[in-house]
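A.B. asks: predicted coordinates and the sequence they were generated for:
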Amino acid sequence: MRSDRWLGPLLSLLSLGWLVLAYLYIPASNVPGEPGPRAFPNVLGYALLMLGLVMTVSGFSRRREAAPAKANAGGDAPAAPLKHELRIVLGTFGLLLLYAFLMEKTGFLVSTPIVLVLGMAGILRMRNWRFIALMNIGTTLVCWIVFSLLLRVPLPRGSWWWLL
């Protein structure tokens, strides 16, 4: 069974759940005509819904592709790509959990560079440390400037901020 035949409907259901939760838990704008805090989550929800519908339609409209030829004499295809993909998915999930923990404890300015280094060096296996350092500084600085200075959104300081 092709993965996009079940992934498309799953993404559609996930986006519908997201839209319902955004409607229930995020307040609407107090000023008529302004998008309010619900606008960006709704845009993401509708984009995910469209992606899920496109994947569903394309998954069922294409003809079934021929099964790939067996790679070795035993009849089993090599499992290396599956292990590689599983490592990336589990690594990303673990990195997001670590980011949530660090964000609460150390705040944005400390946790973001740590997670970026671990993601680029650990999951993506990048070895150009100059690029990693510049990307780290640039990403953290741009996010801080946009959210903290321009949009005046308070970024998390963390519960350990007094140690720094």
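C.D. replies: Everything's here; your move. Keep in mind the model is a prediction, meaning the values are calculated, not measured.
A.B. asks: got a list of contacts for the host helix or strand of Leu24?
C.D. replies: Using DSSP states H and E, Leu24 sits in helix 4-25. Residues from elsewhere that reach helix 4-25, judged by Cβ atoms under 8 Å, 6 or more residues apart in numbering: 38, 41-42, 44-46, 48-49, 51-60. C-betas here are computed from N, CA, C, even on glycine.
A.B. asks: Glu34: neighbour count?
C.D. replies: 10 (other Cβ atoms under 10 Å).
A.B. asks: quick one: it from Leu19, how far?
C.D. replies: Distance of Glu34 to Leu19, given as Cβ to Cβ, to the nearest Å: 20 Å.
A.B. asks: kindly report the same for Gly36.
C.D. replies: 15 Å.
A.B. asks: higher neighbour count, those two?
C.D. replies: Leu19 (18 against 14).
A.B. asks: so Gly158: helix, strand or coil?
C.D. replies: Assigned with DSSP: H, G, I helix; E, B strand; the rest coil, Gly158 falls in the coil class.
A.B. asks: so what's Leu49 closest to, chain neighbours aside?
C.D. replies: Ser15 (4.0 Å; Cβ to Cβ, 6 or more residues apart in numbering).
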